[in-house]
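Enquirer: Coordinates only, no sequence provided:
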């Protein structure tokens, strides 16, 4: 089977890429051919199909420069981007595609590629990695207040404009709302055969937005447990817990650091691994408040990250948005590390209180304090449960069999 995978990037960027790399390997090991379609970047994974990739677009630069030609290209990438359509046509002309699996395509390829795929009568699967299909701002959050809002579920996208949800900008919010109206008026998403969702929480949101339940399939992220490397820490080594991932407002780190500092927990260090747009603000907050046991280690991947992770007492996922299914939780479970997570979105589908971690309410300090103390006391006891949960609920083979069965049903 020839499977076309379309995603905005083709290199290690975080949880999204971890998932895509995993399914790419799964499909290939099962004998299927993967044809990627993405954007040009020096960091890309090697592929024979890179000549089909389209130029990347730096939205941060565009926001600061405000050049008319660049703003015009933003509009093209929303509604009809000729370069993406032509490149996809070349792929479809040269390869006999059996099924396409979409991921993050908004604002990169333009939604016009879906119409092209439908005209070619190619089955379309969309693996939903965030909430862009339902929310113009992708996260159900109003920037810059970071308040959760689900008003757009009812398709009244004017709310996005009124609240300036996108980056606190009227222009950006208007563009995002226009894209949402365009997709709805022209029935773009009706062309998708199935939406693969990461959890039941997301499914409920899609049903609330009027999507056909028969098209919504919940498939938990696949994760192959690896044999944990045993480290023997130095006796004088101070205990620590970690966060690893993107440093951005929706991840809730600023609120978490504030609550952690109020615990006055001097016998435990907090290590932050990653980078992102909020990095400077987080460092400034830590320094200005003289919080001595919070340390920033920068981005890490692979063995370097594993080395830190396997020595940790536990990890945290303090998101303040409806995080669908953070891969960092699965990575932690693989290392036998329980997780302290916010009781929100798909996080609450992964963490079982007292079994593989603890949940807390992000706006309740007492809830946070109790959960933090509980996981600190019981992290060693929960270690075995973490890997057991992972094997039982995130089997790569189960994921593969279910997806290939669906793909094959179109034959």
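Expert: Right, received. Where do you want to start? Being a predicted model, the structure only gives us computed values, none of them experimental. Residues are numbered from 1 along each chain as shown.

Enquirer: Quick one: low-confidence residue ranges for this protein.
Expert: Along the chain, segments meeting pLDDT under 70 span 58-70, 144-145, 226-236.

Enquirer: quick one: the strands in it?
Expert: If you assign secondary structure with DSSP state E, the strands in the chain sit at 2-6, 33-37, 99-102, 124-127, 141-142, 147-148, 194-197, 216-218, 240-244, 269-273, 294-298, 315-317, 339-342, 357-360.

Enquirer: Could you save the ones you listed as CSV and add columns showing distance to residue 179 and mean neighbour count?
Expert: Where C-beta positions appear, they are placed from N, C-alpha and C, glycine not excepted. Output for the strands of the chain, formatted as CSV (distance: least, Cβ to Cβ, whole Å; neighbours: other Cβ atoms under 10 Å):
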stretch, distance to residue 179, mean neighbour count
strand 2-6, 17, 20
strand 33-37, 20, 19
strand 99-102, 16, 24
strand 124-127, 16, 22
strand 141-142, 17, 20
strand 147-148, 21, 14
strand 194-197, 18, 23
strand 216-218, 22, 16
strand 240-244, 32, 22
strand 269-273, 34, 21
strand 294-298, 34, 15
strand 315-317, 29, 28
strand 339-342, 29, 27
strand 357-360, 34, 26
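
Enquirer: Serialize those to a markdown table and add fields for distance to residue 308.
Expert: Supplementary listing: these in a markdown table, determined by distance: least, Cβ to Cβ, whole Å:
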| stretch | distance to residue 308 |
| --- | --- |
| strand 2-6 | 30 |
| strand 33-37 | 30 |
| strand 99-102 | 32 |
| strand 124-127 | 29 |
| strand 141-142 | 29 |
| strand 147-148 | 31 |
| strand 194-197 | 31 |
| strand 216-218 | 32 |
| strand 240-244 | 6 |
| strand 269-273 | 7 |
| strand 294-298 | 7 |
| strand 315-317 | 10 |
| strand 339-342 | 15 |
| strand 357-360 | 18 |
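
Enquirer: out of these, nearest to residue 71?
Expert: strand 141-142 (23.1 Å; Cβ to Cβ).

Enquirer: so what strands line up beside that closest one?
Expert: Paired with strand 141-142 in the same sheet, following DSSP bridges, are strand 147-148 (antiparallel).

Enquirer: Could you list the residues in contact with the strand it pairs with?
Expert: Applying Cβ atoms under 8 Å, 6 or more residues apart in numbering, the contact partners of strand 147-148 are 140-142, 320-322.

Enquirer: what do you get for stretch 260-272?
Expert: Contacts made with stretch 260-272 from outside it, assessed by Cβ under 8 Å, 6+ apart, are listed as 238-244, 247, 253, 257, 282, 289, 291, 293-297, 308, 312-313, 365, 369, 372, 376.

Enquirer: again, but for stretch 126-138
Expert: 16, 19, 101-104, 106, 139-140, 143, 150, 152-153, 157, 160, 165-166, 173, 176-177, 179-180, 183, 189, 192, 194-198, 202, 205-206, 209, 322, 324.

Enquirer: Now with 6 Å, please.
Expert: With Cβ atoms under 6 Å, 6 or more residues apart in numbering as the test, stretch 126-138 has contacts from 16, 101-104, 106, 140, 152, 157, 160, 165-166, 176-177, 180, 192, 195-197, 209.

Enquirer: Repeat that for stretch 309-319.
Expert: By Cβ under 6 Å, 6+ apart, the residues outside stretch 309-319 that reach it are 231, 233, 239, 241-243, 251-252, 256, 326, 329, 332, 335, 337-342, 347, 375, 379.

Enquirer: if we go to 7 Å?
Expert: Judged by Cβ atoms under 7 Å, 6 or more residues apart in numbering, the contacts made with stretch 309-319 from elsewhere in the structure are 228-229, 231, 233, 239-244, 250-253, 255-256, 323, 326, 328-329, 331-332, 335, 337-342, 344-345, 347, 362, 375-376, 379.
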